[in-house]
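# next comes the sequence, and after it the predicted model I'd like to discuss.
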Amino acid sequence: MSQLKKTLILSAWVVLVLLLLAVIAPWQGLLRGWGDSPDPGSHSVALAVPAAAALPVFYPAPKFDLTDQDAKPFSSSGLDGEVWVAATMFTRCPSGMCPMITARMTELQAAITNPRVQLVSISLQPEKDTPAVLKQYAEKVNADLTRWHFLTGDKATILELVRKGLKLPVEEGPGEDNILHADRLVLVDQTGQIRGYYPAGDPESMTKLASDATMLAEGPAQ
């Protein structure tokens, strides 16, 4: 057999092997994929997980029985099944803290249109913030009293509610109207779980609070 003929036969075998590999390789890849778990690092497609599921669950929200701006009993049971945002304040606040917190609540009232999101402002000076005083204050800030509740009651009960229930610091400083408290707003979901703390002085946090509250209200309980 001539050298040329041997070369042609060898070349033909090489071409045939390459063609077989080209046909078999994709099937080998497919077969290898059956029954294997996907590699989470090999894909860029993200699952559509509800954003509310990403919110932490802190503590069960406290139960309480207080009095609203209309001098009517207001219980935490009235918020069952609702998403709500709690804030602490008092009308005689000598600093800019309480007006700022209330201003943020006013903005939330406008930003959140879902009626299943309720707002709750709890007075830290209930001995002076009577229902009549709170009613006047609510009118001054244009509160929608179907969605925004101003609460007063026994002072010891309120301090325990805020400190132990909402986990917010409160201290009475020197001076008649000197009450030190946090600027955090508290988000509670429809199952009665605290889902977030948001500093009222941070605009980005307030935007996130409005978004988180709306998402919780519009979705299933997380």
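Nice, thanks for sending it over. Keep in mind it's a predicted model, so treat the numbers as computed, not measured.
# next SSE after the helix or strand of the chain with the lowest mean pLDDT?
With mean pLDDT, DSSP states H and E as the measure, the helix or strand of the chain carrying the lowest mean pLDDT is helix 3-33 (a mean of 40). In the C-terminal direction, the helix or strand that comes right after helix 3-33 (DSSP states H and E) is strand 65-68.
# I'd like the average pLDDT over that next one.
For strand 65-68, the mean per-residue pLDDT is 98.
# same question, stretch 80-90
The model assigns stretch 80-90 a mean pLDDT of 96.
# quick one: it to chain centroid distance?
For stretch 80-90, the distance from its own C-alpha centre to the chain's C-alpha centre is 13 Å (CA atoms, centre = their mean, to the nearest Å).
# buried set for it?
Buried positions in stretch 80-90, judged by neighbour count with 16 or more other CB atoms under 10 Å: 82, 83, 84, 85, 86, 87, 88, 89, 90. Yep, even glycine has a C-beta here, placed from its N, CA and C like the rest.
# mind checking which helix or strand the fourth one is in?
In the assignment (DSSP H and E), residue 85 maps to strand 83-89.
# tell me what that strand is packed against?
Contacts defined by 3 or more CB pairs under 8 Å, 6 or more residues apart in numbering; DSSP states H and E place strand 83-89 against helix 97-111, strand 117-123, strand 184-188, helix 203-218.
# redo the ones you listed as a markdown table? Include mean pLDDT, distance to residue 150 and mean neighbour count.
Shown next, in a markdown table, are these (pLDDT from 0 to 100; distance: least, CB to CB, whole Å; neighbours: other CB atoms under 10 Å):
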| stretch | mean pLDDT | distance to residue 150 | mean neighbour count |
| --- | --- | --- | --- |
| helix 97-111 | 96 | 10 | 18 |
| strand 117-123 | 98 | 5 | 24 |
| strand 184-188 | 97 | 15 | 25 |
| helix 203-218 | 95 | 19 | 18 |
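# these: which one's closest to residue 163?
With CB to CB, the closest approach to residue 163 among those belongs to strand 117-123: 11.7 Å.
# what sits up against the next helix or strand along the chain from that closest one?
Using DSSP H and E, the helix or strand that follows strand 117-123 in sequence is helix 131-140. Helix 131-140 is contacted by residues 67-71, 91, 123, 129, 145, 148, 150-152 when judged by CB atoms under 8 Å, 6 or more residues apart in numbering.
# hmm, try it at 6 Å
For helix 131-140, the surrounding residues in contact (CB atoms under 6 Å, 6 or more residues apart in numbering) are 67, 69, 71, 91, 150.
# now render those as TSV, adding neighbour count.
Below are those laid out as TSV (neighbours: other CB atoms under 10 Å):
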residue	neighbour count
67	18
69	26
71	12
91	21
150	28
